[in-house]
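# Need a 3D model of the sequence below.
(2 chains)
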Number of protein chains: 2
Amino acid sequence: MARALQGIRVIDLSHVLAGPTATMILADLGAEVIHIEPPQGDDAREFGPYAGGVDKNHSAYFVSLNRNKKSMVLNLKHERGKEILRELIKISDVIVENFRPTTMQELGFGWEKIREINPAIIYASISGFGHDAPPEYASRPAYDIVAQAYSGLMSITGPEDGAPCRVGSSVGDIFAGHQAVIGILAALLHRARTGRGQFYDGSMVDGLFSVLENAVVQYTVAHRIPRPLGSAHPSVAPFQSYRTKDGWIVIALGNDRLWARFCSLIGRGDLIKHPRFKTNMLRAKNRKLLTQILESETVKRTTRSWAKMLERESIAYSPINNIKQICADPYIRYRKMLVEVDQPQMGKVKVAGSPLRLSETPGEVYAPAPLLGEHTKQILRDLLKYSDAEIAELAQAGVING
Amino acid sequence: MARALQGIRVIDLSHVLAGPTATMILADLGAEVIHIEPPQGDDAREFGPYAGGVDKNHSAYFVSLNRNKKSMVLNLKHERGKEILRELIKISDVIVENFRPTTMQELGFGWEKIREINPAIIYASISGFGHDAPPEYASRPAYDIVAQAYSGLMSITGPEDGAPCRVGSSVGDIFAGHQAVIGILAALLHRARTGRGQFYDGSMVDGLFSVLENAVVQYTVAHRIPRPLGSAHPSVAPFQSYRTKDGWIVIALGNDRLWARFCSLIGRGDLIKHPRFKTNMLRAKNRKLLTQILESETVKRTTRSWAKMLERESIAYSPINNIKQICADPYIRYRKMLVEVDQPQMGKVKVAGSPLRLSETPGEVYAPAPLLGEHTKQILRDLLKYSDAEIAELAQAGVING
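Next up is the predicted model:
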């Protein structure tokens, strides 16, 4: 199938998660992504789980993020490593990194330098607090959990009266990665018109702050400080998870008509016009009591039994699938969202596929993840026209892998 | 400033959150977004908080999602409403909706029909389970909480031994919105080469399944079913939140060198070489005990006092900011991530800005949200060349607002 980003070359200096998420999406859409790794490899190669051995070429975590990419080992502390990077910048469309903001300057590759080498390139940086930030933030270490905590997202996630919780996946990195892709694609469209590249200054904290949804206006307009609500919705009820005989079920009722239908279904017609529950506003206000009453009913049947009944009534519901259940789910199978990568040295590894279901140019997993330095020589030879003798010399000098 | 999507016209039939998030991002980047609303308005106009009154033109929630857009009221149940939509499809680049998958077909605007009207248009649909899905999913109602529960995300979010929690903002809608933007921009790049439009079939469940990070390979490769861990990390410790005298602080130590530095800092040098804590693997294994010991120290000082000490040691930390704190934060102020919209009938409303910090064409909030139907006549007159008499007649017939 055709690919939307065919012909776009991306230099990927990133590691672990935020940057690699961005370049994974670009690669899934068909960009040629050259993942440049230091001699010891991307840190993500150290993250389990492993398959078929325990070393840098056996991390399933790395495979899940780096399918479809090429790997080139390049020692950027070496002057000749820098020179090769300059040559790559000349012939590429995009460069992505997620170092601390000071690192690229220190390596001699700040934006001013990069645009001098190639004024049409798009340079996307992702960091915890961005490049253009108060000085005390410039070298501040930031992991996903720092962004989740700093941005306010953790303060609204967790049980109603307990400790704040981290979202179970690293959405600080992952949102920042998605936003960087949006910035890069917008910049490619702008470049198509003007011929000019630009700099994208992504921040994980900005990224999460921008997705707090109504929490921001709850504070700035209504002067309420939103708090965690477990699985509940601040202003709609029932709209949360309830215990069943064997687990949990989410039930979401958007209006009074559905409320009446639901009450009849559970044999509690007495609640429909109950003075504390007859309108959504009352139900939201008396949510704790309502939850107690409804759970005394929902625990009587299994999740599957409720699912069938709610399905028939067209009431929005969901089991709370665990990861085993969702990986085996017929919907996910139908959508081909769990894809098998035939990974050299590892065998078949199942990873999440691309959700970018475009009719002509869908995001796809079309190649395995690269072994460390697998494409170094090919890139030097084919793209940069180095001779075999020169390549051997670079390996000898420790600039590339041997 | 120049805008990346200048000249791109988007017909926005969407409502509430997933679709409006996508078109907000497109509008922030400079696309002309025509938000087509039914006579009663986008449902989001009913969501609080309100400012300056309680009606369809006073919802701060609506403002936060629809700044920069135009509003046109169009009754699509009326034949002449459909005709106007056909005319708009002819002259637009993108069409976005987040109805249930059957709705557009029922209105007579399935993809086959839309591409017949304009083969170069990009049609992006976002729904709970997608268009191309097993039949029982096609008309299934899906809210954000359904996607969070179904996808597996809820099963890994929440306290360690408690009930699963919903992420405090509607990330099911918001990720799907971001992914739709990526699909649309990729399709615009493909169209620039080929002249052809395409269909984007976005699913909220696919979207969240694709961002579960290592949870998927933990199951498919290591056969472990990941569970919620509160704020903790499955394989790194300390890497979570700890109680302080007046709240919480997140502390994230990536390696043994930082561990030693941290132990000295808290006056617990005895822990550095402790047989149960001396390596990260041991600390992760004995995390519950470690948390008890460390919290007996962290509760002795305030969050601010810890922040200062950790800052000096270059240890990654963060307060768990609540929404009031992050809205008042100097970093957010410096980055201009909280922006004031001067909203007719409402006054100044502060909303989250765009994280798309491109040097030449940044995402920006440059216009308020539209009043319901504010631009109907302007669009009919200027874009579609209707006469004043025809417009009056359409209003009379209830096709548009009067």
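# Can you give me the buried ones in stretch A:295-310?
Neighbour-count burial for stretch A:295-310 flags A:E297, A:T298, A:R301, A:T303, A:W306, A:A307, A:L310 (criterion: 16 or more other CB atoms under 10 Å in any protein chain shown). Just so you know, the C-beta spots here come from the backbone N, C-alpha and C atoms, and that holds for glycine as well.
# Oh, that last question was meant for stretch A:343-355, not what I typed.
A:Q343, A:M346, A:V349, A:K350, A:V351, A:A352, A:G353, A:S354, A:P355.
# pLDDT (mean, whole number) over it?
For stretch A:343-355, mean pLDDT rounds to 97.
# same question, stretch A:57-69
For stretch A:57-69, mean pLDDT is 97.
# What segments of the stretch 301-402 of chain A are helices?
Listed in chain order, the helices of the stretch 301-402 of chain A (DSSP state H, counting those that start in this stretch) span A:303-312, A:323-327, A:330-334, A:376-378, A:388-396.
# Flag every residue of the stretch 251-400 of chain A that's near chain B.
Contact residues (CB under 8 Å from any CB of the partner chain) of the stretch 251-400 of chain A with chain B: A:252, A:254, A:311, A:314-327, A:330-332, A:334-335, A:337-338, A:349-361.
# Close to chain B: what parts of the stretch 1-150 of chain A are there?
A:2, A:4-5, A:17, A:25, A:29, A:47-51, A:60-61, A:63-64, A:111, A:129-130, A:132-134, A:136-137, A:139-143, A:145-147, A:149-150.
# Mind giving me the PyMOL command for buried ones among those?
Provided next is the PyMOL selection string for whichever of the residues of the stretch 1-150 of chain A next to chain B are buried by 16+ other CB under 10 Å:
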select buried, chain A and resi 4+5+17+25+29+47+48+49+50+51+60+61+63+64+111+129+130+132+133+137+140+142+143+145+146+147+149+150
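# So which of the residues of the stretch 1-150 of chain A next to chain B belong to strands?
The members of the residues of the stretch 1-150 of chain A next to chain B all map outside strands under DSSP state E.
# Got the domain ranges for chain A?
Segmentation of chain A into domains, based on automatic domain parsing, reads A:9-211+A:333-396, A:239-326.
# hey, which of those domains is tucked in deepest?
Stretch with highest mean neighbour count among the domains of chain A: domain A:9-211+A:333-396 (a mean of 22; mean count of other CB atoms under 10 Å in any protein chain shown).
# what does the one helix or strand in chain A whose mean pLDDT sits lowest contact?
Taking mean pLDDT, DSSP states H and E as the measure, the helix or strand of chain A with the lowest value is helix A:135-138, at a mean of 87. The contact list for helix A:135-138 (CB atoms under 8 Å, 6 or more residues apart in numbering or on different chains) reads A:R100, A:P101, A:T102, A:G128, A:F129, A:G130, A:H131, B:E311, B:Y331.
# State the distance from A:A395 to A:K56.
Here A:A395 is placed at a distance of 18 Å from A:K56 (CB to CB, to the nearest Å).
# Next: A:T102.
Here A:T102 is placed at a distance of 27 Å from A:K56 (CB to CB).
# My read is that A:N280 contacts A:W259, right?
Yes - counting by CB atoms under 8 Å, A:N280 touches A:W259, with 7.5 Å between them.
# Check the gap between the residue lying farthest from the centre of chain A and A:L258 for me.
Residue farthest from the centre of chain A, counting by CA atoms, centre = their mean, is A:D270 at 45.5 Å. When distance is defined by CB to CB, A:D270 is 17 Å away from A:L258.
# same check, this time on A:G347
48 Å.
# which element is A:S71 on?
A:S71 is part of strand A:70-73 when elements are defined by DSSP states H and E.
# Tell me which other helices or strands that strand touches.
Under the contact criterion of 3 or more CB pairs under 8 Å, 6 or more residues apart in numbering or on different chains; DSSP states H and E, strand A:70-73 touches strand A:32-37, helix A:376-378.
# make it 6 Å
If contacts are counted by 3 or more CB pairs under 6 Å, 6 or more residues apart in numbering or on different chains; DSSP states H and E, strand A:70-73 sits against strand A:32-37.
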